[in-house]
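Asker: sequence-free structure coming up:
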């Protein structure tokens, strides 16, 4: 939002390509030239002169600057005389109004539906999608009363709820111009979004068609956004299931979906050791970055209010400084965000609902401390850290080493269209939930409705270990304990490097880590013999049958029996136990059957 537009009297970089109706000089405010993509998109807009235009540009690329340049030129040409800006959140309304004010466009972000009309000193208003959906006829009347340009910020929210889509269609159908923006390519879904064109591909699936697209890959090459280092952390997790059985797993290893989800949730538990270790590592990284970027800040994206407060307390213990906490029910949330953005404090913690609303260009370090993992939410969250202020700034995001996040991190440059007419197998899937609904759910603090929280669950222990670094589709590092030399090598990467330099440095660290690992293997003890998987399966089957028999005799639940056996014999859960541990439990059960302790 901080991008400035152009100076008084400056000749526009693409004016020679504009229709004669546009003036030779601009009468509006402030500094700097357009980026190349903005100039190209602007040229495309005025050459086509469309009623509807969709621009897809990666978070941090400067969509606001582009849209306000369009608005200012349309006002100057007399094409429009009113502007309505529609945003996802209240905070974004203020950001838009502030950006517009810097170029001499007065936008009222405080307009309420009950006001009926805005003040005479304003050329338009900034409203939320929910605000429009609640009174679409009011906004239609305002649209019809003037030659209106409607800017639909993050237009994918037009599909978040049926009422939202219907509301903006009803309200803005009579608009003279509509400019739709999004920082994330649309998700797959069956509900069309108003004012977006769809074309049918060779498979018969209709997909959204953007008028101009500027992806993360191109933005990175142009140094418009920062390169992102993903610092992935694994570790040992232990928890108690709804049946009372204690489970153990290494975070991120290839277990079932439920085990992965429970291990992930255990890692994020503020009472464990994983999250404090990762926060401490992220703070070390922030210290390194601030050597070259003195005002660099950091953000933790948490799942809910309780976790956010707990993480903030842990960070205060680590840093000795007060932590800015942004909660959804805080009336001063916008002021706190602005104060943090303008200052030089180290850390801010926010619930996940702000992933699309926080615009703090100095954020260079992040911790992804939420179990929400839809592609849209992940892209929006990472977008908080990639806004480039000067060439060479590097973003570092710490996250749990779980498969879905690793895949999303490795596919940041993947462009996805919003597809209609999904194959029938998706429509018949009882577990299918449109991603609009998932995003809306992710942006609310509603932890109690989580499926995992409907079950009895108790996180018992978590321990963090450094796993790897992901960058530009590659993976680096061979793993190590928290605080290990290898972890510190990667945490110490300078905070001011070009993407190419980051790649070179990562490859050097990788070579060093591999050499060290080979050397340690040569002096290590011989590896254990190959495990006989058939023997393990037979032992597990025998144990399961014996547990079932003891349950039938005593009425004791299976999970309680397994927990008692583990307490008596030691070792992990059945799925991770070795042959000796399983044999020991079978012997213990046999003693129970014959009346021995």
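Answerer: Ah, there it is. Everything quoted here is computed from the prediction, not taken from an experiment.
Asker: Every contact and neighbour count from this point should use C-alpha atoms.
Answerer: Will do.
Asker: State the paired neighbours of the host helix or strand of residue 180 in the sheet, together with their directions.
Answerer: Residue 180 belongs to strand 177-182 when assigned by DSSP states H and E. Applying DSSP bridges, strand 177-182 is found paired with strand 52-57 (parallel), strand 148-152 (parallel).
Asker: Need the residues that contact stretch 239-259.
Answerer: By CA atoms under 8 Å, 6 or more residues apart in numbering, the surrounding residues in contact with stretch 239-259 are 234-238, 260, 262-264, 266-267, 400-403, 455-461, 557-560, 562-563, 572-573, 576.
Asker: I'd like to know which of those are buried.
Answerer: Buried residues within the contacts of stretch 239-259, defined by neighbour count using 16 or more other CA atoms under 10 Å: 234-238, 260, 262-264, 266-267, 400-402, 457-461, 557-560, 562-563, 572-573.
Asker: Inside helices: which ones of these?
Answerer: Using DSSP state H, the subset of these located in helices is 260, 262, 263, 264, 266, 267, 558, 559, 560, 562, 563.
Asker: and those as JSON lines, adding pLDDT and distance to residue 410?
Answerer: Putting those into JSON lines (pLDDT from 0 to 100; distance: CA to CA, whole Å) gives the following:
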{"residue": "260", "pLDDT": "88", "distance to residue 410": "19"}
{"residue": "262", "pLDDT": "90", "distance to residue 410": "23"}
{"residue": "263", "pLDDT": "92", "distance to residue 410": "22"}
{"residue": "264", "pLDDT": "93", "distance to residue 410": "19"}
{"residue": "266", "pLDDT": "94", "distance to residue 410": "24"}
{"residue": "267", "pLDDT": "95", "distance to residue 410": "22"}
{"residue": "558", "pLDDT": "74", "distance to residue 410": "41"}
{"residue": "559", "pLDDT": "72", "distance to residue 410": "38"}
{"residue": "560", "pLDDT": "73", "distance to residue 410": "41"}
{"residue": "562", "pLDDT": "78", "distance to residue 410": "39"}
{"residue": "563", "pLDDT": "76", "distance to residue 410": "39"}
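Asker: Tell me the one of these nearest residue 181?
Answerer: residue 264 (33.6 Å; CA to CA).
Asker: show me where pLDDT drops low in the stretch 301-450 of the chain?
Answerer: 352-358, 412-450 (pLDDT under 70).
Asker: From start to finish, how long is stretch 131-139 in a straight line?
Answerer: For stretch 131-139, the first-to-last residue distance is 9 Å (CA to CA, to the nearest Å).
Asker: Just the helices from the stretch 251-400 of the chain, written as ranges.
Answerer: 257-268, 274-289, 305-319, 333-342, 375-382 (DSSP state H, counting those that start in this stretch).
Asker: what's the most buried one of the strands paired with strand 177-182?
Answerer: Most buried of the strands paired with strand 177-182, by mean neighbour count (mean count of other CA atoms under 10 Å): strand 148-152, with a mean of 25.
Asker: just how off-centre is that one within its chain?
Answerer: On the basis of CA atoms, centre = their mean, to the nearest Å, strand 148-152 sits 27 Å off its chain's mean C-alpha point.
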